[in-house]
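Enquirer: need a 3D model of the following:
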Amino acid sequence: MATSNLTGRTDLRRRYARIEPCPKTQIQSAYFAGLIDGEANIGVYTFKNLPHPPRARPVIKVDMTCEKTIRALHAYFGGYCGQKKTQLRNQPQWRWEVTFQRAREVAKTIRPYLITKAEAVDAILAAIPAARVRQKNGRFQTKAIA
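Expert: Okay, the predicted model is just below:
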């Protein structure tokens, strides 16, 4: 962890960390699916106050006090991992979060193992039917995701 010399506070928030998700096995996928089924907040949100038409923003996020578990989710699926702001009397909380296409990839991986949050994951899978892929010329092309 990097510590600032000026304030002595630890910089724990690393947005958009560039780590590649590790190879997935069925046992690990089932374990993380159970964790997400019990602890996660899964939803599809919309941006309404913008000049363009509203669009869906699927989100899967887990908040816990155990840093190791959050780091394991981050190493397995990628996404955002960091510490939440809490009051001084509370234990530090950690958050793992994935949005948009990465949320769709996670939802697709864990869907066979879910019980409680199966409908919410189905909503995520329905919210983003295709991915936008950047071509060599810099333009985007819509690519269907199976």
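Enquirer: burial measure for I27, as a count.
Expert: A total of 8 residues lie near I27 under the criterion other CB atoms under 10 Å. C-betas here are computed from N, CA, C, even on glycine.
Enquirer: then R104?
Expert: Neighbour count for R104, taken as other CB under 10 Å: 23.
Enquirer: same deal with S29?
Expert: Close neighbours of S29, defined as other CB under 10 Å, add up to 18.
Enquirer: helices of this structure, residue ranges please.
Expert: With DSSP state H as the criterion, the chain has helices at 26-39, 67-77, 100-110, 118-127.
Enquirer: pretty sure L35 is in contact with V62, am I right?
Expert: Yes: applying CB atoms under 8 Å, one finds L35 in contact with V62, separated by 7.0 Å.
Enquirer: mind putting the helices of the chain in JSON lines, mean pLDDT and distance to H52 included?
Expert: Below are the helices of the chain laid out as JSON lines (pLDDT from 0 to 100; distance: least, CB to CB, whole Å):
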{"stretch": "helix 26-39", "mean pLDDT": "93", "distance to H52": "31"}
{"stretch": "helix 67-77", "mean pLDDT": "93", "distance to H52": "29"}
{"stretch": "helix 100-110", "mean pLDDT": "91", "distance to H52": "16"}
{"stretch": "helix 118-127", "mean pLDDT": "89", "distance to H52": "17"}
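Enquirer: and those, which is most packed in?
Expert: Most buried of the helices of the chain, by mean neighbour count (mean count of other CB atoms under 10 Å): helix 100-110, with a mean of 20.
Enquirer: tell me which residue is most central in this protein.
Expert: In the chain, the centroid-proximal residue (CA atoms, centre = their mean) is V98; its distance is 1.6 Å.
Enquirer: surely it is in contact with V106?
Expert: Yes: checked against CB under 8 Å, the pair V98 and V106 is within contact range at 5.3 Å.
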